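K.L.:
Provided below for reference: sequence and predicted model.
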Amino acid sequence: MDLPQPDLAKPRDAGPPPDEASSPRADLHDALGWMVLGLAIVIASWKMSRLEDQHINPLTIPGLVPGLLGAGMIIIGAILGLRSWERHRRESAHTAPTTDDTARLRRKRVLLTIILCCGYSIVLIGHGLPFWLASSIYVTGSILALDRLHLAPDLHPFSLRSLSHALLVGVGSSIVVWLVFERLFLVRLP
Amino acid sequence: MLNGLQDLGAAYLSFMEPMTLLYGLGGAFVGLIMGILPGLSATLAIALLTTVTINLQGNEAILVLICSYVGALYGGSRTAILLNIPGTAANAASCADGFALAQQGQAGRAIGIATSGAVTSTLFGVIFLATLTPLLSDIALQFGAFEFFWLALFGVTLSGSIVGGDPLKGWMMGLLGLFLAQVGEESLYAYDRFTFGWEELAGGIALIPALVGAFGLAEVLMALSDPVERKIHDLTDSVLPRWRDLFQYRWTVMRSGLIGVFTGLLPGVGEDAGSWVSYAAAKAVSKEKEKFGKGSIDGLMAAETGDMSSVPGHLIPVLSLGVPGSAPSAVLMAAMIIHGVQPGPMLMIEHPDFIYHVVAMTTLASIAILLFGLFGVRPMLQVLKVPRNILMPIVFLLCVVGSFAVASRLFDVYVMVAIGVGAYFLRRRGYEMAPLVLGLVLGPLLDKSLRRGLVLSDGSLIPFFTRPIALVLATITIFTFLLYVPAVRAAIGRLAALAGRNLHRLLGKGGA
């Protein structure tokens, strides 16, 4: 089956290009994942209570729509899988995943950002630490840590100056957010 | 008619308070800054401001949000012109000619064109907002479960087809959004679906934290993953609006304004469609086709007017049908519900004055962007000089506050983080988030309408295809899917070619 894929010429996006998007192998993995998810939804919907004790109309059972959506996921996942399989066969040259310094650095930066964001939102806030303090620690730590992961780390050496700059930005921004949200607009903060 | 004008006049007068005007300017300012920053979208601006304005009066809060919506789309053109990166998705069509003008040392002129085009086309769209919304509301009163089912499915399908380059991935995101909307207590029998015993999930996945994750955290990760900082073009010439250019290209403005409004009416299409279609139409009729992509004023004007007039266009289905046309209008609709206004066919009956208030708010938003366009371009561009390593952690801080503040639950922060990380990896693999958002918003409507429809028809599917409006919506939805099948596409191509040849022959004979 030859399924076309429109290729719209677009200007560059804010972030890095979606490099995995064009890989048929990645699409094939995605397709399998979607089909498994769809199947799980169909099974869960099938097993969902049909509220027979409430004598409801059988056409209005709670699992009807989720079940149909799960089936839709299986069908579209299968088409995606077939398309990527077809493309994979056609592409003779295997494209190896990018392993240059920039790509490696990009992966490190993503991992670090996820760790910092999870650390802040799961560990630091909501457990007794004042909001402004938790936020100051997060912003300051993020600036310092991300500056280290740079293509030219020598341009951002760790120094007392960089530390005080990060601290100033971290504390300043946290206090401004706290003042604007909690004091000015009376919004509750975590 | 007279009542409508009276209501409109009263609506304008109700906003003539210094504090209210200040709120509007503040909303436009925040929207502009968010729009200028690459990747931070109108959706995120509205979602974050929804939490800030949660304790304001309904009309003031919605004014702030509409001003930020208009401001963000307008601000996005700056980044398109100076960096060749669209500030928001809607500004993508402005990149080619805007950036080319900047390279020719005319960045200020390009920004001036964007300002004049944006203000005029928003005001142009406002006229349609005021006139079409009551008309569409009257038609929407005839909608029942069958029509709403197709409308919800049509919105998600169309969004999946148009947003991004791969309809399959778009539809998958739409399905995922529709599924996520099924989590929690369902509306007919209050039965908990997919909650796994978690009390927090009983209320479902809240829209604001989900959007903040999908458009905020995912964007923070996108921006921070790139180790290279980008430099902006210098502004050497005047950035004041170019009214002479506006007059010279008045037909482009009118045409693009109309295209923007009418693409805005389609559920799920998004602001970028208005921009791209206007750009293509301008190129098709232009006498200077060769200049497009190389610094064409006509092209830039078309792109900017097309996306800005789609804002009032998107508000029309939100108000009259309760069906959003794009991700930002979906958040705006959620904010209206938070402030006690339920958009949809009953709005004209329950709150007839609200539609005119929205008209007045959109007018004020266009005046606000004109003021910023006249006096605030250069200072606001300074924000582009702040390194991402500093800016993005602060943006995430706002994401945490924004997702927490609506219901004061830490659980919503965890939802935001989970959805944000998931959205990042999905986006890297070419999956767009707009269909997911529409699925999340339209999921409850689809569920309720399908099951109610089946009860009304006693299990028969026939009324889903025989009622006139349902039939039209069903045909378009099924056709959208079928367009993806190569054999159908080829058949349509052959039919179109045949029709073209016959028409040509007919006209040829007529001419002879």
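P.N.:
Good, I have the coordinates.

K.L.:
contacts and neighbour counts: CA atoms only from here.
P.N.:
OK.

K.L.:
tell me the pLDDT of the residue in chain A sticking out farthest from the centre.
P.N.:
Most distant from the centre of chain A: A:His55, at 42.5 Å, with distances by Cα atoms, centre = their mean. A:His55 carries a pLDDT value of 84.

K.L.:
just the pLDDT for the residue nearest the centre of chain A.
P.N.:
For chain A, the residue nearest the mean C-alpha position is A:Ile114 (9.0 Å; Cα atoms, centre = their mean). Note on A:Ile114: pLDDT of 96.

K.L.:
just the element for it, please.
P.N.:
helix A:101-118 (DSSP states H and E).

K.L.:
what's that helix packed up against?
P.N.:
helix A:131-148, helix B:218-225, helix B:410-428 (3 or more Cα pairs under 8 Å, 6 or more residues apart in numbering or on different chains; DSSP states H and E).

K.L.:
ok now it, how far from the chain's centre?
P.N.:
12 Å (Cα atoms, centre = their mean, to the nearest Å).

K.L.:
tabulate the CA atom coordinates of that helix in CSV.
P.N.:
Output of helix A:101-118 as CSV, limited to C-alpha atoms (Å, rounded to 0.1, in the frame of the first residue of the first chain):
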residue,chain,number,x,y,z
ASP,A,101,28.6,16.1,19.5
THR,A,102,25.6,18.4,19.1
ALA,A,103,23.1,15.5,19.2
ARG,A,104,24.8,14.0,22.2
LEU,A,105,24.8,17.4,23.9
ARG,A,106,21.1,17.9,23.0
ARG,A,107,20.2,14.6,24.6
LYS,A,108,22.2,15.5,27.8
ARG,A,109,20.5,18.9,28.0
VAL,A,110,17.0,17.3,27.6
LEU,A,111,17.7,14.7,30.3
LEU,A,112,19.1,17.4,32.7
THR,A,113,16.1,19.7,32.1
ILE,A,114,13.7,16.8,32.8
ILE,A,115,15.5,16.0,36.0
LEU,A,116,15.5,19.7,37.1
CYS,A,117,11.8,20.1,36.3
CYS,A,118,10.8,16.9,38.0
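
K.L.:
and the angle from it to helix A:131-148?
P.N.:
Helix A:101-118 and helix A:131-148 are oriented at 170 degrees to each other (axes from the mean of the first three to the mean of the last three Cα atoms, to 10 degrees).

K.L.:
now helix A:101-118: buried residues?
P.N.:
Residues of helix A:101-118 classed as buried by neighbour count (16 or more other Cα atoms under 10 Å in any protein chain shown): A:Thr102, A:Ala103, A:Leu105, A:Arg106, A:Arg109, A:Val110, A:Leu112, A:Thr113, A:Ile114, A:Leu116, A:Cys117, A:Cys118.

K.L.:
what residues does the stretch 251-400 of chain B put near chain A?
P.N.:
Contact residues (Cα under 8 Å from any Cα of the partner chain) of the stretch 251-400 of chain B with chain A: B:Asn389, B:Ile390, B:Pro393, B:Ile394, B:Phe396, B:Leu397, B:Leu398, B:Val400.

K.L.:
now do the stretch 1-150 of chain B
P.N.:
B:38-39, B:51-55, B:84-87, B:92, B:95-96.

K.L.:
have a look at these and tell me the least confident one.
P.N.:
B:Gly39 (69).

K.L.:
walk me through the domains of chain A.
P.N.:
With domains defined by automatic domain parsing, chain A comprises A:19-90, A:101-184.

K.L.:
helices and strands of chain A: which one bottoms out on pLDDT?
P.N.:
Lowest by mean pLDDT, DSSP states H and E among the helices and strands of chain A is helix A:101-118, with a mean of 90.

K.L.:
what does that one contact?
P.N.:
A:138, A:142, A:146, A:149-151, B:221, B:224-227, B:396, B:417, B:421 (Cα atoms under 8 Å, 6 or more residues apart in numbering or on different chains).

K.L.:
pLDDT for those - can I get that in CSV?
P.N.:
Converted to CSV, those look like this (pLDDT from 0 to 100):
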residue, pLDDT
A:Tyr138, 96
A:Ser142, 94
A:Leu146, 89
A:Leu149, 80
A:His150, 74
A:Leu151, 68
B:Leu221, 93
B:Leu224, 89
B:Ser225, 86
B:Asp226, 80
B:Pro227, 74
B:Phe396, 94
B:Val417, 96
B:Val421, 96
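
K.L.:
which of those residues tops the neighbour count?
P.N.:
B:Val417 (29 neighbours; other Cα atoms under 10 Å in any protein chain shown).

K.L.:
all helices of the stretch 51-200 of chain B, in order?
P.N.:
Counting by DSSP state H, counting those that start in this stretch, the stretch 51-200 of chain B has these helices, from start to end: B:58-83, B:92-103, B:107-140, B:145-162, B:167-180.

K.L.:
now the stretch 401-512 of chain B
P.N.:
Under DSSP H, counting those that start in this stretch, the stretch 401-512 of chain B gives helices at B:410-428, B:434-456, B:463-466, B:468-482, B:486-511.

K.L.:
mind giving me a markdown table with those helices and columns for distance to chain A?
P.N.:
As requested, the helices of the stretch 401-512 of chain B are exported to a markdown table (distance: least, Cα to the nearest Cα, whole Å):
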| stretch | distance to chain A |
| --- | --- |
| helix B:410-428 | 4 |
| helix B:434-456 | 5 |
| helix B:463-466 | 15 |
| helix B:468-482 | 11 |
| helix B:486-511 | 6 |
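
K.L.:
distance to B:Val156 added to those, as JSON lines?
P.N.:
Listed next are the helices of the stretch 401-512 of chain B as JSON lines, based on distance: least, Cα to Cα, whole Å:
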{"stretch": "helix B:410-428", "distance to B:Val156": "18"}
{"stretch": "helix B:434-456", "distance to B:Val156": "6"}
{"stretch": "helix B:463-466", "distance to B:Val156": "18"}
{"stretch": "helix B:468-482", "distance to B:Val156": "9"}
{"stretch": "helix B:486-511", "distance to B:Val156": "21"}
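
K.L.:
tell me which of these sits most buried.
P.N.:
helix B:434-456 (a mean of 25; mean count of other Cα atoms under 10 Å in any protein chain shown).

K.L.:
quick check: angle from it to helix B:145-162?
P.N.:
160 degrees.

K.L.:
what is helix B:434-456 packed up against?
P.N.:
helix B:145-162, helix B:167-180, helix B:207-211, helix B:327-338.

K.L.:
can you list those helices in CSV and add mean neighbour count and distance to B:Asp447?
P.N.:
Shown next, in CSV, are these (neighbours: other Cα atoms under 10 Å in any protein chain shown; distance: least, Cα to Cα, whole Å):
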stretch, mean neighbour count, distance to B:Asp447
helix B:145-162, 26, 8
helix B:167-180, 26, 9
helix B:207-211, 27, 17
helix B:327-338, 23, 18
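
K.L.:
and these as CSV, adding mean pLDDT?
P.N.:
Shown next, in CSV, are these (pLDDT from 0 to 100):
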stretch, mean pLDDT
helix B:145-162, 90
helix B:167-180, 95
helix B:207-211, 88
helix B:327-338, 90
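
K.L.:
any idea which of the ones you listed gets closest to B:Ile139?
P.N.:
helix B:145-162 (11.5 Å; Cα to Cα).

K.L.:
show residues contacting that closest one.
P.N.:
B:167-174, B:266-270, B:273, B:323, B:325, B:434-435, B:438-439, B:442-443, B:445-450, B:452-453, B:463-464, B:469-470, B:473-474, B:476-477, B:480-481.
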